[in-house]
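Trainee: Predicted structure and sequence below. I'll ask about it afterward.
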Amino acid sequence: MKQKNLIMGVVNHYWWYQMEPFFVSCSIHNSQDCDIIIFVKDISVYARDKLGEYHVRAVDIPDDRENGCPNDRRYGLYYEILKAIGQIYEQVLLSDTRDVFFQAPMFSGTLSEPYLGVAVESSRIAESGWNRRWMQERFGMNVYDKVKDKNVLCSGTIWGSTDVILELCKAMVENLSDSHFSLTDINDQATYQYLLYNGIIPSRGTVSFCTLMGGRVATIGLKGDYSKDRDSIFSPAGGNNRPALVHQWDRHKELYPFVREHYREKHAKIRWKRYLNDYLSLKDIALSSYYGKHFVNMFIASFLYLIARKPKGDRLWRK
């Protein structure tokens, strides 16, 4: 019997409209062979209900994991899950949720050997202000000088065989807690690049570098080297590669109508009685309905929000 695959991510204080394209597109393309586990914190009851509709296992982030950057904390959460149940899965995707959608199954075929999938961005580390600063502040100038001319590796989408992903999560946790290295505002991307470019991970198997020129993942970034037709995104621009996963789409305003047409719900299910006294859910419904162009639901939720009990100073359109 073929093993299933696993998709994991973190949702921390997101409204449903911010993660809707991820879960709608994932349901369309990955529901047959993938389980989805999402670690959640500070989301509305409405958002939890929507995750349940899409058969997502929502796991609350423990209170003792609140300190530090959410990007850094997630690897410990992933590691614990994979240690406990990873043996039942063949491949794993660790993914951002807010700026990702799928347009084909993420995994296909059976594995011939262990591997790590790495999304390569189009800019070099020295050319990216954020990555340059993260690398310099965390690891110092000596390490930075060795890698500055290499391409940015994106930690927002990491995939591979389960044993390799487990090894990666363990190495990330150990490095992020290593007192020999400094901590900055966001550490995981610099740490990920440090581990890969120094050959620390993976210890076995192959590395599948995925660029805009081809592959299953397209991290389109700010440069946006892509083209589209009515139904698909292609990378690079003018090419015929149709990636299974598109990352950082929200940097491009011209993609908002495309995503709304393909990866937002056409008829959202709303249990009004359940949310009458829950101002956060009413706010979530209003915002999500606005972005989905469901204006009747938006007006109903907005009115109910106005008369609901809520903290002083809370504003509907203040996210």
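Mentor: Sure thing, it's come through.
Trainee: neighbours around the residue nearest to Leu183 when sequence neighbours are not counted, how many?
Mentor: Nearest residue to Leu183, sequence neighbours excluded (Cβ to Cβ, 6 or more residues apart in numbering): Arg138, at 7.2 Å. Placement of C-beta: from N, CA and C, glycine included. Taking other Cβ atoms under 10 Å as the criterion, the count of residues near Arg138 is 23.
Trainee: How about the one 10 residues further on?
Mentor: Other residues within reach of Lys148 by the criterion other Cβ under 10 Å amount to 16.
Trainee: In space, what's closest to it - neighbours in sequence excluded?
Mentor: Ala126 (4.0 Å).
Trainee: OK, contacts around the one you found?
Mentor: Contacts here follow Cβ atoms under 8 Å, 6 or more residues apart in numbering; on that basis Ala126 touches 132, 148-149.
Trainee: rerun at 10 Å
Mentor: By Cβ atoms under 10 Å, 6 or more residues apart in numbering, the contact set of Ala126 is 132, 135, 144-145, 147-150, 152.
Trainee: Same check on Lys223?
Mentor: Going by Cβ under 10 Å, 6+ apart, Lys223 touches 121-123, 212, 237, 251.
Trainee: Please apply the same query to Phe303.
Mentor: Per Cβ under 10 Å, 6+ apart, neighbours of Phe303: 282, 286.
Trainee: What mean pLDDT does the helix or strand where it lies get?
Mentor: For Phe303, the enclosing helix or strand under DSSP states H and E is helix 295-307. Computed over helix 295-307, the mean pLDDT rounds to 97.
Trainee: in it, what counts as buried?
Mentor: In terms of neighbour count (16 or more other Cβ atoms under 10 Å), helix 295-307 has its buried residues at 297-298, 300-302, 304-305.
Trainee: swap in stretch 37-51?
Mentor: Within stretch 37-51, the residues that count as buried by 16+ other Cβ under 10 Å are 37-41, 43-44, 46-51.
Trainee: Could you list which of the contacts of Ala126 belong to helices?
Mentor: Mapping the contacts of Ala126 onto helices (DSSP state H) picks out 132, 135, 144-145, 147.
Trainee: Among the contacts of Ala126, the buried ones, what's the PyMOL command?
Mentor: The buried residues among the contacts of Ala126 can be selected in PyMOL (16+ other Cβ under 10 Å) with this line:
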select buried, resi 132+135+144+147+148+152
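Trainee: Among the contacts of Ala126, which pair sits farthest apart?
Mentor: Asp145 and Val152 (16.0 Å; Cβ to Cβ).
Trainee: which one among the buried residues of helix 295-307 gets closest to Pro105?
Mentor: Proximity of these to Pro105, judged by Cβ to Cβ, is greatest for Asn297, which lies at 31.2 Å.
Trainee: Find the nearest non-adjacent residue to that closest one, please.
Mentor: Asn297's closest residue in space is Ser289 (Cβ to Cβ, 6+ apart), at 4.0 Å.
Trainee: correct me, but that neighbour touches Ile270?
Mentor: Yes - taking contacts as Cβ atoms under 10 Å, Ser289 lies within contact range of Ile270: 8.6 Å.
Trainee: Compare these two (neighbour count), which wins?
Mentor: Ser289 (23 against 19).
Trainee: which residue sits closest to Tyr256, ignoring its sequence neighbours?
Mentor: Excluding its sequence neighbours, the residue lying closest to Tyr256 (Cβ to Cβ, 6+ apart) is Asp250, at 7.8 Å.
Trainee: who's in contact with the one you found?
Mentor: Residues in contact with Asp250 (Cβ under 10 Å, 6+ apart) are 18, 21, 98-101, 256, 259.
Trainee: Next one: it from Arg48, what distance?
Mentor: Look at Asp250 and Arg48: by Cβ to Cβ, to the nearest Å, they are 23 Å apart.
Trainee: do Arg204 as well
Mentor: In terms of Cβ to Cβ, Arg204 sits 39 Å off from Arg48.
Trainee: try Ile85
Mentor: From Ile85 across to Arg48, the span is 22 Å (Cβ to Cβ).
Trainee: Chain neighbours aside, what residue packs nearest to Lys228?
Mentor: Phe258 (6.3 Å).
Trainee: what residue ranges in this protein are flagged as low confidence?
Mentor: Applying pLDDT under 70 to the chain picks out residues 1-2, 65-68, 110, 319.
Trainee: Nearest the middle, which residue of it would you pick?
Mentor: For the chain, Asp96 is the residue whose C-alpha lies nearest the centre (Cα atoms, centre = their mean; 0.9 Å).
Trainee: on that earlier part again, now the buried residues of helix 295-307 in TSV, please, with extra columns for distance to Gly76.
Mentor: As requested, the buried residues of helix 295-307 are exported to TSV (distance: Cβ to Cβ, whole Å):
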residue	distance to Gly76
Asn297	38
Met298	38
Ile300	41
Ala301	36
Ser302	39
Leu304	39
Tyr305	36
